[in-house]
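Enquirer: need the 3D shape of this:
(one chain, ligands or ions: 1)
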Amino acid sequence: MYVYADNAATTALSPKALEAMLPYLQGEYGNASSLHSVGQRAAEALQKARDTVAEVIHADPKEIYFTGGGSEADNQAILSGAMAGARKGKKHLISTAFEHHAVLHTLKKLESQGFEVTLLDVHKNGVVSAEEVAAAIRPDTALVTIMFVNNEIGTIQPIGEIAKVCREKGVLFHTDAVQAVGHLPVDVQALGVDMLSMAAHKFHGPKGVGALYVRRGVPVVNVIEGGQQERGKRGGTENIAGIVGMAAALKEAVTDLEGHMAYVTGLREKLITGLTQIPHSCLNGDREKRVPGTVNLCFEGIEGEGLLLWLDAKGVAASSGSACTSGSLDPSHVLLALGLPHEIAHGSLRLSVDAWNTEEEVDHILQVVPEVVKYLRDMSPVWDELERGEATHLI
Ligand SMILES: *Cc1c(COP(=O)(O)O)cnc(C)c1O
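Expert: Next comes the predicted model:
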């Protein structure tokens, strides 16, 4: 059995999404900007997809801008908020220490251009508080950007409360909802957010396509100059097949969302209950305030990288959430933001399941992870020292 438990990294393309996309990869190859009927059929498909995405998040279709994925939507939102502020002399931005790099690196770039950035503490449980957001807002704050669901540990942030605080203080609020859309109810009206990012491949849509919601009246800057596509805010011929696939996948994901959430929460609870029985392990992030499918654990005395390779060999695709794979030996910035010591953060494991996973698959994970952890600990000099009492257990 091989279990894919890395849905927070990307998901399999849904057959329904593929079916919706196929005509636009074959006969319907029109350019939506063309005046002839071939092009107009593409334009109609584009409009239908925009209507669907808008309807799901309770937005107006004119408030949806399709992008080339979640990272682009984050970049566009943050640059839009920053530029709108700068025009009024406001150059202060607020975010958190455990955002996705699409947000953190965009903020870094703005910092080098004269903006000042405040990164809020996410505490040991991985949840920011609306009160702390309120306390950080200054007269020169242009934008607050805080993720809806953290991609490594799965914790949910109080987005509605933060949006309320921002609105009361007249500050724009963006949320990176890439891990929330398709997994939790997301209603931009009820939440009161000004901007929200999503990515199709995190809910069984195709890769390289996403969307940014921008509330009417909030000025949008374009990150890609070109033609008049996306009402002049994103130049370039639209990825019709991708956009159509995204709308189909989103519609499917939110059909019986409540049922899916209950089912996936059940899988997650089983994972947490089973895996926290491993001695000297800990669950990262708040026990309750988490998205249905994401679990992140640390196991003392082992390296996340070795764990992942052995799990893969034993039929489980997971992630460590650490940046080791990108050639750096630094542990995950998310786990460090929670205050975990480096030694512990190195032994992390993220399992992300969703409605496509089965009970049998979870049972397989519950059998394999303890075996691999034991095997790696038996070989680990660090674990040996701990066992012989030459070092003290941190967890
Ligand atoms: C995946 C992800 C992104 C990036 O989306 P891409 O479509 O891969 O560019 C941004 N933010 C979060 C929270 C994510 O999980």
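
Enquirer: following the helix or strand bottoming out on mean pLDDT in the chain, which helix or strand comes up?
Expert: Between all helices and strands in the chain, the lowest mean by mean pLDDT, DSSP states H and E belongs to helix 342-345, at a mean of 88. Moving toward the C-terminus from helix 342-345, the next helix or strand (DSSP states H and E) is strand 348-352.

Enquirer: tell me what that following strand is packed against?
Expert: In terms of contacts (3 or more CB pairs under 8 Å, 6 or more residues apart in numbering; DSSP states H and E), strand 348-352 is packed against strand 294-299, helix 304-313. C-beta coordinates here come from the backbone N, C-alpha and C atoms, glycine included.

Enquirer: among the ones you listed, which is nearest the ligand?
Expert: strand 294-299 (10.1 Å; CB to the nearest ligand atom).

Enquirer: each with direction, which strands does that closest one pair with?
Expert: strand 281-283 (antiparallel), strand 348-352 (antiparallel) (DSSP bridges).

Enquirer: and the longest one with helix 304-313, angle?
Expert: Between strand 348-352 and helix 304-313, the angle formed by their directions is 40 degrees, by axes from the mean of the first three to the mean of the last three CA atoms, to 10 degrees.

Enquirer: what about strand 348-352 and the ligand, any contact?
Expert: No: with CB under 6 Å from any ligand atom as the criterion, the ligand is not reached by strand 348-352; the gap is at least 9.9 Å.

Enquirer: what does that strand rub up against?
Expert: With contact meaning CB atoms under 8 Å, 6 or more residues apart in numbering, strand 348-352 is reached by 5-9, 152-154, 271, 284, 293-299, 304, 307-308, 311, 318-322, 331-332, 335, 365, 369.

Enquirer: do I have it right that residue 234 meets residue 67?
Expert: Yes: using CB atoms under 8 Å, residue 234 is in contact with residue 67, at 6.4 Å.

Enquirer: joint contacts of these two?
Expert: Common neighbours of residue 234 and residue 67 (criterion: CB under 8 Å, 6+ apart): residue 76.

Enquirer: how near is the residue in the chain that the ligand sits nearest to to residue 198?
Expert: Using CB to the nearest ligand atom, the closest approach of the chain to the ligand is made by residue 70 at 2.4 Å. Counting by CB to CB, to the nearest Å, the gap from residue 70 to residue 198 is 7 Å.

Enquirer: tell me which of the two has more neighbours.
Expert: residue 198 (31 against 27; other CB atoms under 10 Å).

Enquirer: what residues are up against that one?
Expert: Contact criterion CB under 8 Å, 6+ apart gives 57, 70, 73, 177-178, 181-182, 210-213 as the residues in contact with residue 198.

Enquirer: returning to what we had before: which one of the helices and strands packed on strand 348-352 lies nearest to residue 353?
Expert: In terms of CB to CB, the element of the helices and strands packed on strand 348-352 nearest to residue 353 is strand 294-299, at 8.0 Å.

Enquirer: redo the strands paired with strand 294-299 as JSON lines? Include mean neighbour count, mean pLDDT and distance to residue 194.
Expert: Listed next are the strands paired with strand 294-299 as JSON lines, based on neighbours: other CB atoms under 10 Å; pLDDT from 0 to 100; distance: least, CB to CB, whole Å:
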{"stretch": "strand 281-283", "mean neighbour count": "17", "mean pLDDT": "96", "distance to residue 194": "33"}
{"stretch": "strand 348-352", "mean neighbour count": "28", "mean pLDDT": "96", "distance to residue 194": "28"}
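
Enquirer: so can I have TSV of the ones you listed showing distance to residue 106?
Expert: Shown next, in TSV, are those (distance: least, CB to CB, whole Å):
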stretch	distance to residue 106
strand 281-283	30
strand 348-352	23
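
Enquirer: isn't the residue of the chain closest to the ligand up against residue 99?
Expert: No: Residue 70 lies out of contact with residue 99 (CB under 8 Å); the separation is 11.9 Å.

Enquirer: what do the two both touch?
Expert: Contact criterion CB under 8 Å, 6+ apart; residues shared by residue 70 and residue 99: residue 176.

Enquirer: how about the residue of the chain closest to the ligand, nearest residue that isn't a chain neighbour?
Expert: residue 199 (3.2 Å; CB to CB, 6 or more residues apart in numbering).

Enquirer: backbone phi and psi for that neighbour, please?
Expert: In this entry, residue 199 is assigned phi and psi values of phi -140, psi 130 (degrees, to the nearest 10).

Enquirer: hang on, the earlier thing: of the contacts of residue 198, buried ones?
Expert: The neighbour-count test (16 or more other CB atoms under 10 Å) marks 57, 70, 73, 177-178, 181-182, 210-213 as buried among these.

Enquirer: mind listing which of those residues are in strands?
Expert: Judged by DSSP state E, the buried ones among the contacts of residue 198 include 210-213 as members of strands.

Enquirer: buried residues in stretch 33-42?
Expert: 41-42.

Enquirer: that stretch: end-to-end distance?
Expert: For stretch 33-42, the first-to-last residue distance is 9 Å (CA to CA, to the nearest Å).

Enquirer: run the chain-centre distance for it.
Expert: Offset of stretch 33-42 from its chain centre (CA atoms, centre = their mean, to the nearest Å): 34 Å.

Enquirer: let me see the residues that make contact with that stretch.
Expert: 24, 28-32, 43, 227-229, 237-238, 240.

Enquirer: which residues of the protein score low on pLDDT?
Expert: For the chain, the stretches with pLDDT under 70 are 321-329.

Enquirer: tell me how it divides into domains.
Expert: Domain assignment for the chain by automatic domain parsing gives 3-10+257-387, 15-253.
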